[in-house]
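Undergrad: Here is a sequence with its predicted model. Questions after.
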Amino acid sequence: MATIKPIEGRSIHQIQSGQVIVDLNSVAKELVENALDAGATAIEVRFKNNGLDSIEVQDNGSGIAPEDFDHLALKHYTSKLSSYDDLGSLHTFGFRGEALSSLCALSRFHIITARAADGPKGTKLEFDPSGKLRGTSVVAAKQGTTVVVESLFYNLPVRRKELERTIKREYKKVLNLLHAYACISVGVKFTVSNQIPKGKKTVVFATQSNPNIRENIANVYGAKTLQALIPLDLHFEMNPSKRPGSTQSAPNRSTPADEASRGVRIVGYISRPVHGEGRQNPDRQMFFVNTRPCTLPQVAKAFNEVYKSFNIAQSPFICADIKLDTNAYDVNVSPDKRTILLHDQSALLESLKSELLQLFEAHDQSVPQAQL
Ligand code: ADP
Ligand code: MG
């Protein structure tokens with residue numbers, strides 16, 4: 001008798017969902033990104049019991065059309081991408097149609113949505129664990145969408161226990177991520193609140209609909225933080241890399257990455273390269289690629305190295321958005337899309353270091369303490 005058999009559909013769905021939604025951070029990230037993709041200008045994130053009981057994200061974006069209710073939370077159903085080729089010109093955070101379906105499998109989940117055309121009425125949508133629409137009801141609602149995720153991992157006992165054990169740390173991590181979205185999202189009002197059991201709801205932080213990153217940073221970290229910062233606005237062309245196959249004699253073998261514009265712009269804020277203006281710990285370092293928060297260890301290392309050659313005892317605050325041609329990087333590397341592959345990272349790092357050095361030298365008369 002054959003021993004190799006397919007896993008049944010429900011189990012596959014649960015296994016895969018557990019890779020998309022790995023922790024509290026992934027829930028907040030997916031829901032905030034959906035709100036931004038829906039064009040929201042006001043986003044409210046509400047935690048109950050640090051997220052252990054529930055996390056809700058309410059937006060004033062487009063709302064969801066009734067024709068989309070049936071397949072809204074089905075796996076790989078998305079309004080953002082229809083073929084792999086579209087990935088090169090992607091301008092939304094989402095594209096895989098996995099977040100809502102995964103949340104159906106891993107939490108008690110519902111959505112309330114309303115469109116401007118529907119007046120003060122909205123629809124509450126409930127789903128089964130596979131993401132199939134189970135029922136709808138009419139509720140009072142303002143334009144936009146509220147996604148409610150309760151009892152995350154209630155059906156995965158090991159993960160639920162781990163979440164309970166680490167919730168304080170997890171909650172801190174989520175707040176850091178939300179700080180990043182709030183800082184980079186110009187013109188979007190963020191409000192983040194938490195309600196501990198039997199306690200009052202408290203606003204943890206909030207931004208106004210600010211016209212620039214600077215005011216967002218002031219709202220999130222306090223206006224005093226700005227005094228120690230200088231603006232980042234670097235423009236450079238990356239040095240051509242010596243990649244095999246990209247020679248002039250083989251023009252037909254060039255990839256979209258080769259054809260992508262080699263121009264890079266990096267905007268944001270960084271600590272003044274002077275002792276006393278940096279930070280004791282290497283916290284508060286946020287990196288983005290075209291406003292998508294991501295982890296870029298090599299880029300972070302380059303920033304820190306150059307900074308330390310001016311202020312060896314401290315680490316900089318960094319809020320840096322790397323503006324790149326959409327063909328010059330790949331976001332489809334990890335399920336959470338936080339890992340980004342930059343096609344020409346070494347060329348970018350080289351140019352970045354020399355640009356930063358120039359910027360810091362202009363702000364500091366002292367000679368660098370270490371040669372790079
Ligand atoms: P993806 O973002 O990759 O498309 P999701 O599972 O996160 O996948 O969402 C599925 C679809 O549901 C989206 O493509 C979008 O059309 C719709 N959607 C999700 N959240 C919202 C929201 N807050 N407002 C409007 N539409 C939404
Ligand atoms: Mg999404």
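TA: Everything's here; your move. Ligands and ions are numbered 1, 2, ... in the order given.
Undergrad: State the phi and psi torsions of residue 72.
TA: phi -50, psi -40 (degrees, to the nearest 10).
Undergrad: Who are the contact partners of it?
TA: By CB atoms under 8 Å, 6 or more residues apart in numbering, the contact list for residue 72 reads 64, 100, 111, 125, 133. Backbone N, C-alpha and C define where each C-beta goes, glycine included.
Undergrad: Quick check: the second one touching residue 131?
TA: Yes. Proximity of residue 100 to residue 131 meets the contact threshold set by CB atoms under 8 Å, at 6.8 Å.
Undergrad: Quickly list what's touching both of those two.
TA: Both residue 100 and residue 131 are in contact with residue 73, where contact means CB under 8 Å, 6+ apart.
Undergrad: for the contacts of residue 72, which one is nearest ligand 1?
TA: Distance to ligand 1, by CB to the nearest ligand atom, is smallest for residue 100 among these, at 3.6 Å.
Undergrad: Roughly how far does the residue lying closest to the closest one once chain neighbours are set aside sit from residue 111?
TA: Spatial nearest neighbour of residue 100, excluding adjacent residues (CB to CB, 6 or more residues apart in numbering): residue 73 at 4.1 Å. The span separating residue 73 from residue 111 equals 8 Å under the rule CB to CB, to the nearest Å.
Undergrad: if I look at the two, which residues touch both of them?
TA: In contact with both residue 73 and residue 111: residue 100, using CB under 8 Å, 6+ apart.
Undergrad: which parts of the stretch 101-250 of the chain sit against ligand 1?
TA: 101, 145 (CB under 6 Å from any ligand atom).
Undergrad: returning to what we had before: neighbour count: residue 73 and residue 111, which is higher?
TA: residue 73 (25 against 22; other CB atoms under 10 Å).
Undergrad: Now do the contacts for the more buried one.
TA: Here residue 73 is in contact with 100-101, 103-104, 109, 111, 127, 131-133 (CB under 8 Å, 6+ apart).
Undergrad: Restricted to helices, list the residues you listed.
TA: 100-101, 103-104 (DSSP state H).
Undergrad: Take those and lay them out in CSV including distance to ligand 2 and neighbour count.
TA: Output for the ones in helices among the contacts of residue 73, formatted as CSV (distance: CB to the ion, whole Å; neighbours: other CB atoms under 10 Å):
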residue, distance to ligand 2, neighbour count
100, 7, 22
101, 10, 27
103, 10, 26
104, 13, 26
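Undergrad: What is the neighbour count of the residue nearest to residue 140 when sequence neighbours are not counted?
TA: Distance criterion CB to CB, 6+ apart; nearest residue to residue 140, sequence neighbours excluded, is residue 120 at 5.9 Å. Using other CB under 10 Å, residue 120 has 9 other residues around it.
Undergrad: residue in this protein nearest to ligand 2?
TA: Per CB to the ion, residue 94 is where the chain lies closest to ligand 2, at 2.9 Å.
Undergrad: quick one: average pLDDT of stretch 297-309?
TA: Here stretch 297-309 scores 96 as its mean pLDDT.
Undergrad: mind listing what's buried in that stretch?
TA: 299-300, 302-303, 306-309 (16 or more other CB atoms under 10 Å).
Undergrad: out of those, which are inside strands?
TA: With strands taken from DSSP state E, there is no overlap with the buried residues of stretch 297-309.
Undergrad: Kindly reformat those as CSV containing distance to ligand 1.
TA: Putting the buried residues of stretch 297-309 into CSV (distance: CB to the nearest ligand atom, whole Å) gives the following:
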residue, distance to ligand 1
299, 25
300, 27
302, 31
303, 30
306, 36
307, 35
308, 39
309, 41
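Undergrad: how about the closest residue to residue 201 other than its chain neighbours, what does it touch?
TA: Counting by CB to CB, 6+ apart, residue 195 is the residue found nearest to residue 201 once chain neighbours are left out, at 4.2 Å. Residue 195 makes contact with 46-49, 201-202, according to CB under 8 Å, 6+ apart.
Undergrad: With residue 212 instead?
TA: Residue 212 makes contacts with residue 186, as judged by CB under 8 Å, 6+ apart.
Undergrad: Report the separation between it and residue 185.
TA: For residue 212 relative to residue 185 (CB to CB), the value is 11 Å.
Undergrad: Residue 124 now?
TA: Distance, residue 124 to residue 185, by CB to CB: 27 Å.
Undergrad: what does residue 198 give?
TA: From residue 198 over to residue 185 the distance is 33 Å, taken as CB to CB.
Undergrad: Compare the two (neighbour count), which wins?
TA: Legend: neighbour count by other CB under 10 Å for residue 198 and residue 185, higher for residue 185 (22 against 5).
Undergrad: burial of the closest residue to that one other than its chain neighbours, as a residue count?
TA: Nearest non-adjacent residue to residue 185, counting by CB to CB, 6+ apart: residue 36, 6.5 Å away. Neighbour count for residue 36, taken as other CB under 10 Å: 22.
Undergrad: can you give me the helices in the stretch 151-300 of the chain?
TA: Here the stretch 151-300 of the chain has its helices, by DSSP state H, counting those that start in this stretch, at 157-184, 213-221, 223-226, 256-259, 297-308.
Undergrad: which is the next helix or strand following the last one?
TA: Going down the chain from helix 297-308, the next helix or strand is strand 318-323, by DSSP states H and E.
Undergrad: What residues of that next one count as buried?
TA: In strand 318-323, counting by 16+ other CB under 10 Å, buried: 318-322.
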